[in-house]
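Q: Model the structure of this input:
(chains A, B, C and D)
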Protein chains: 2
Amino acid sequence: MNTFKPVKQLRASTDVGQQLKEAIFDGRYKAGDKLPSERELIDLFMVSRTVVREAIKILEASGLVEIRQGAMGGAFVKQVDFERLSDACQDLLMMGKMSLPEIVQVRMLLEPQVARLAAKNCTSADAAKLYDANQHEDDTLEYPTTVLLRSQVHFVLAEICGNRFLEAITKSLLLLLRQNALSFEPPTDEIHPSGLHDKLIQAVVDRDEDRAEAEMRAHLEDFCSRVAEVERKYK
Amino acid sequence: MNTFKPVKQLRASTDVGQQLKEAIFDGRYKAGDKLPSERELIDLFMVSRTVVREAIKILEASGLVEIRQGAMGGAFVKQVDFERLSDACQDLLMMGKMSLPEIVQVRMLLEPQVARLAAKNCTSADAAKLYDANQHEDDTLEYPTTVLLRSQVHFVLAEICGNRFLEAITKSLLLLLRQNALSFEPPTDEIHPSGLHDKLIQAVVDRDEDRAEAEMRAHLEDFCSRVAEVERKYK
DNA sequence: AACTATTTGTTCGTATGTATG
DNA sequence: GCATACATACGAACAAATAGT
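A: Numbering: from 1, shown residues only, chains lettered A, B, ... in the order given. A predicted model of the protein is given here:
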């Protein structure tokens, strides 16, 4: 068995990018921190400007830093969350490597479990956040915004489920559906009447896991059938 | 309400990168195709070489192309799959935005459903692939390789579950566990005795959804308890 | 084995755009 | 308005890798 590591001939830009990436992973640079400027990086890595710029572009494309220009500008470490995951999924969707119905199917599998876990972990602070999100959903009036905000409850549930991986996947999934499923514009109330989340939220707040799971399942099935019905009517 | 779109001042490299990305999404360049060379891109986009290079680096960082050097070299469109998703998760893991136990918990949620769907869709060709994967797992002897190949069955199951989003998530998840869970090296047979997958595979091939789900659940619980036991013993 | 053509990798110098104070 | 600090962009040159002759 070969215990040697292959000597990889890294490109300078890739090398610099990886070292900076590790520095960020190690916590040497935290969210909000500014990476050294291009000039400083040139001195630190002993490479040319071009190499440094390519490396930073790589970091930016990886969603790790955000580049601002002007005085006080530079590469700032971003708060990383599920955004990158969502982008990756979006690309797969765009390349036809998956379809919306498949995403919906996964949603039907995951979200009831999210609700169950949320019910298991729900604190009084979480309950307050849930009520607030539910309240807020009925505030806005315009359609697209409304749909966005109405899903807030689902986002909050993902946050309180206590599993950050599940949270990231669920949020990515919800975001994907938001960004891609709005091809038609039916009257809001037909597809999403107010008070739709009430029973679900109550189950979670009551910390009744079985009921939370069941309510979420019922809610999703109800929602899907509404969408299907409206689609039939408007197309 | 503002109906105007903000005039965004894109960086030249970002702009070129997006246009190339769209070309790939549109299918104007397919997997294996070579993008125009740097020189050609300079003429096509009327920008400098630096800009073109940064754009290509962005595509590479996004996992869309692979750059080869030398004559006949260039940027070649990659076969995109779950790899990008896996990378995104890996970054989240490295940044401490999630932990292995959380990933394992999601695995316990997802894979039984994968098994159920696989059982639902399993064709005779799929069955052959499963048997083959199961057979192949006992061939190799060295530990790390063995563990890798033993999971083959799980990969095949993900492939035949019929939902490409679920497949991508599951594969990413399995890959993550492979790459990060190998901190100790117990004797293989203690943790993964041969024939472990037999009952699970049989259930799937029999297209018995309930049994497939149950067998997968039992298999995962069994595996986890073995790992825990071995960890206790060796640490 | 040597040479050539093509393509990416790297460097440098210079000029411009943009935000801060 | 101006100086400063930073990113953005261009063009020319040379180095290195690779395929074909």
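Q: got the residues of chain A near DNA strand C?
A: Residues of chain A lying close to DNA strand C by Cβ under 7 Å from any atom of the strand are A:11-13, A:46-51, A:54, A:69-73. Where C-beta positions appear, they are placed from N, C-alpha and C, glycine not excepted.
Q: Return only those of the residues you listed found close to chain B.
A: Filtering those for neighbours of chain B using Cβ under 8 Å from any Cβ of the partner chain leaves A:S13, A:T50, A:E54.
Q: Just the closest of these to chain B, please.
A: Among these, A:E54 lies closest to chain B (Cβ to the nearest Cβ), at 4.9 Å.
Q: That closest one: how many residues sit nearby?
A: Other residues within reach of A:E54, judged by other Cβ atoms under 10 Å in any protein chain shown, total 26.
Q: tell me which element the residue lying closest to it once chain neighbours are set aside is part of?
A: Distance criterion Cβ to Cβ, 6 or more residues apart in numbering or on different chains; nearest residue to A:E54, sequence neighbours excluded, is A:S13 at 3.7 Å. Per DSSP states H and E: A:S13 is located in helix A:12-26.
Q: average pLDDT for that helix?
A: Per-region confidence: helix A:12-26 scores 89 on mean pLDDT.
Q: buried set for that helix?
A: Residues of helix A:12-26 classed as buried by neighbour count (16 or more other Cβ atoms under 10 Å in any protein chain shown): A:A12, A:S13, A:T14, A:D15, A:V16, A:G17, A:L20, A:K21, A:I24.
Q: do the same with stretch A:206-221
A: Of all the residues in stretch A:206-221, those buried under the rule 16+ other Cβ under 10 Å are A:D208, A:E209, A:R211, A:A212, A:E213, A:A214, A:E215, A:M216, A:R217, A:H219, A:L220.
Q: Have a look at chain A and report its longest helix.
A: Criterion DSSP state H: the longest helix present in chain A is helix A:209-234.
Q: what about that helix and chain B, touching?
A: No: using Cβ under 8 Å from any Cβ, helix A:209-234 never reaches chain B; the gap is at least 11.5 Å.
Q: same question for that helix, mean pLDDT?
A: Mean pLDDT, computed over helix A:209-234, is 85.
Q: which other helices and strands contact that helix?
A: Helices and strands touching helix A:209-234, by 3 or more Cβ pairs under 8 Å, 6 or more residues apart in numbering or on different chains; DSSP states H and E, are helix A:100-121, helix A:188-191, helix A:198-205.
Q: lowest-confidence stretch among those?
A: Here the lowest mean pLDDT among the helices and strands packed on helix A:209-234 goes to helix A:188-191, at a mean of 57.
Q: Could I get the phi/psi values of whichever residue of chain A sits closest to DNA strand C?
A: With Cβ to the nearest atom of the strand as the measure, A:G70 is the residue of chain A nearest to DNA strand C, at 2.2 Å. Reported as degrees, to the nearest 10, the phi and psi values for A:G70 are phi 100, psi 180.
Q: hang on, the earlier thing: redo the helices and strands packed on helix A:209-234 as JSON lines? Include mean neighbour count and distance to B:L93.
A: As requested, the helices and strands packed on helix A:209-234 are exported to JSON lines (neighbours: other Cβ atoms under 10 Å in any protein chain shown; distance: least, Cβ to Cβ, whole Å):
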{"stretch": "helix A:100-121", "mean neighbour count": "21", "distance to B:L93": "19"}
{"stretch": "helix A:188-191", "mean neighbour count": "14", "distance to B:L93": "37"}
{"stretch": "helix A:198-205", "mean neighbour count": "21", "distance to B:L93": "28"}
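Q: B:K129 is nearest to which of those?
A: Set against B:K129 and scored by Cβ to Cβ, the helices and strands packed on helix A:209-234 come closest in helix A:100-121, at 20.6 Å.
Q: Would you agree the residue nearest to A:E54 is in contact with B:K57?
A: Yes: in this structure A:S13 lies within contact range of B:K57 using Cβ atoms under 8 Å: 6.5 Å.
Q: Now do the shared contacts for those two.
A: With contacts taken as Cβ atoms under 8 Å, 6 or more residues apart in numbering or on different chains, the residues that reach both A:S13 and B:K57 are A:E54, A:I58.
Q: before we move on, the earlier item: from the contact counts, what lies against the helix holding A:S13?
A: Checked by 3+ Cβ pairs under 8 Å, 6+ apart, helix A:12-26 has helix A:38-45, helix A:49-61 packed alongside it.
Q: Next, the angle from that helix to helix B:49-61.
A: Helix A:12-26 and helix B:49-61 meet at an angle of 50 degrees, taking axes from the mean of the first three to the mean of the last three Cα atoms, to 10 degrees as the criterion.
Q: Output helix A:12-26 in CSV, but only the C-alpha positions, please.
A: C-alpha atoms of helix A:12-26 as CSV (Å, rounded to 0.1, in the frame of the first residue of the first chain):
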residue,chain,number,x,y,z
ALA,A,12,0.3,29.3,-7.3
SER,A,13,-3.1,30.9,-7.2
THR,A,14,-4.7,27.6,-6.0
ASP,A,15,-2.0,27.3,-3.3
VAL,A,16,-2.5,30.8,-2.0
GLY,A,17,-6.3,30.2,-2.1
GLN,A,18,-6.0,27.0,-0.1
GLN,A,19,-3.7,28.6,2.5
LEU,A,20,-6.1,31.5,3.0
LYS,A,21,-9.0,29.1,3.1
GLU,A,22,-7.3,27.1,5.9
ALA,A,23,-6.6,30.3,7.7
ILE,A,24,-10.3,31.1,7.7
PHE,A,25,-11.2,27.5,8.7
ASP,A,26,-8.7,27.7,11.6
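Q: starting at the chain centroid, how far to that helix?
A: Offset of helix A:12-26 from its chain centre (Cα atoms, centre = their mean, to the nearest Å): 24 Å.
Q: Repeat that for stretch A:95-106.
A: For stretch A:95-106, the separation from the chain centroid amounts to 16 Å (computed by Cα atoms, centre = their mean).
Q: Contacts for it next, please.
A: Under the criterion Cβ under 8 Å, 6+ apart, residues A:89, A:92-93, A:173, A:176-177, A:180-181, A:224, B:24-25, B:80-81, B:163-166, B:168-169 lie in contact with stretch A:95-106.
Q: and if we set it to 6 Å?
A: If you take Cβ atoms under 6 Å, 6 or more residues apart in numbering or on different chains as the criterion, stretch A:95-106 is touched by A:L92, A:L176, B:F25, B:V80, B:N163, B:R164, B:F165, B:L166.
Q: same thing with stretch A:161-174?
A: A:82, A:85-86, A:89, A:107, A:110, A:114, A:117-118, A:121, A:151, A:154, A:158, B:98, B:102-103, B:105-106.
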